[in-house]
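**Student:** Predicted coordinates and the sequence they were generated for:
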Amino acid sequence: MADHKQNQRHDGNQPNEFVRSVIDLSPDDIVAIDKKKRSLLTFLGDHLRTVIFAVCCAVMVGCGIYILNSLIQYAEAERLYGSLVGQADGQPELMLSSPQGVPTPDYEACQNLTDEDISNIVNSSTLNKEYERVRSRLSALKEKYPDLYGWIVLEGTPINYPIMQSDNNKYYLTHSYKGGKLSAGAIFADYRCNRELMRNYNLVIYGHHMSNNTMFHSLDKFLKEPFFRSNNIIKIYTLDGMFTYKVFSVYQTSMYYQYIRTHFSTREDFVVFANEMRDSSIHAVPDQTFSEGDRLLTLSTCTNRSDDERLAVQAVMIDYYLANSR
């Protein structure tokens, strides 16, 4: 019985397999295992560095391609729109339409006209020369580009562009006025707006906020009050006439805000809307009032700070000249 208990104590003190394997290790075995671990770590570290380096190179190449493509797109946009503005500004002659229903004057009476008489006749024309020069250009562009809506000019800014309009609000985000692919897109009117400008209670026009100061980037200027107060005239030319607006509101908002409404249930509803837009401005214009006969213009662009943030500049029509009024 004593021998059996002794054997039990001896068996109970037997080390398990893991402990026995450690006990049996020689110093050389431990050094070999340590070298193996370090080799594995070195192998993983070297490959991890290689992977990180490859990823960084790929990112750098991608960024380089993106920057290069952006520069190419900017240059193409400046070429397209720069040449278009140059042609409009440098047009040597006015293509005025011939007067209708003018009676043929007596020959002898014409012979007796003085230089002063002739000057009075010429200057008494009811034609608006500024509009007629632009209208002739618009007519030529309309024949080439049927989507042409008009032309917009903001004093004190480089904004001097044709306005396009398609049957949706996506096409001209990525296409130029000529229809070719262009990241700068085009300035375009909301597809819901009427082709006849005066029929729109709120004409909505969009443009990209390009970092090279083109398209609607210059709308940022209105955020500064001195500019807002002194450079607040916007002109829009269409084949229907010339329309002058005065800016009364500028603010940053969400793309889901109702500032781009184009339809109103009643005229009273429109006046409520106009007052709300005025009150949204970061620069107060308390003297600005609205009536049911007013017409608004809303310019909208991204802020480049958030996907759903927008910069809105809104103006009210203060003057107009209709093409069929002469």
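**Tutor:** Received it, and whenever you're ready, just let me know what you need.
**Student:** pLDDT wise, what is Ile23 at?
**Tutor:** pLDDT, Ile23: 64.
**Student:** Revised request: answer the last question for Leu127.
**Tutor:** Leu127 is assigned 71 on the pLDDT scale.
**Student:** And it, which helix or strand is it part of?
**Tutor:** Secondary structure assignment for Leu127, by DSSP states H and E: no helix or strand.
**Student:** start the count at 880, not 1, going forward
**Tutor:** Got it, first residue is 880 now, which makes that one Leu1006.
**Student:** Where does pLDDT dip in this protein?
**Tutor:** 880-920, 922-926, 928, 930, 932-933, 937-957, 962, 964-1005, 1204-1205 (pLDDT under 70).
**Student:** just the helices in it please.
**Tutor:** Secondary structure of the chain (DSSP state H): helices at 881-891, 896-902, 906-968, 986-990, 994-1002, 1008-1023, 1104-1109, 1146-1159.
**Student:** Identify the bridge partners of Phe1067.
**Tutor:** Met1043, Tyr1085 (DSSP bridges).
**Student:** any idea how far it is from Glu1147?
**Tutor:** To Glu1147, Phe1067 is 30 Å away according to Cβ to Cβ, to the nearest Å. All C-beta spots, glycine's among them, are computed from the backbone N, C-alpha and C.
**Student:** the more surrounded of the two?
**Tutor:** Comparing Phe1067 with Glu1147 by other Cβ atoms under 10 Å, the one with more neighbours is Phe1067, at 27 against 10.
**Student:** isn't the more buried one right next to Leu1082, touching?
**Tutor:** No - the criterion here is Cβ atoms under 8 Å, and Phe1067 misses it with Leu1082 at 11.7 Å.
**Student:** So for the two, which residues contact both of them?
**Tutor:** Shared contacts of Phe1067 and Leu1082 (Cβ atoms under 8 Å, 6 or more residues apart in numbering): none.
**Student:** what's the burial count for Asn1048?
**Tutor:** Neighbour count for Asn1048, taken as other Cβ under 10 Å: 16.
**Student:** Let me see the backbone angles for the closest residue to it other than its chain neighbours.
**Tutor:** Spatial nearest neighbour of Asn1048, chain neighbours left out: Tyr1070 (5.6 Å); criterion: Cβ to Cβ, 6 or more residues apart in numbering. When read as degrees, to the nearest 10, the backbone of Tyr1070 gives phi -60, psi -20.
**Student:** and the gap between Tyr1070 and Thr1145?
**Tutor:** From Tyr1070 to Thr1145 the distance is 23 Å (Cβ to Cβ).
**Student:** Comparing the two, which residue is more hemmed in?
**Tutor:** Counted by other Cβ under 10 Å, Tyr1070 and Thr1145 do not tie: Tyr1070 has more neighbours, with 15 against 9.
**Student:** residues touching the more buried one, list them.
**Tutor:** Contacts for Tyr1070 (Cβ under 8 Å, 6+ apart) come out as Gln1044, Ser1045, Asp1046, Asn1047, Asn1048.
**Student:** I'd say the first one and Lys1021 touch.
**Tutor:** No - contact between Gln1044 and Lys1021 fails when scored by Cβ under 8 Å: they sit 11.7 Å apart.
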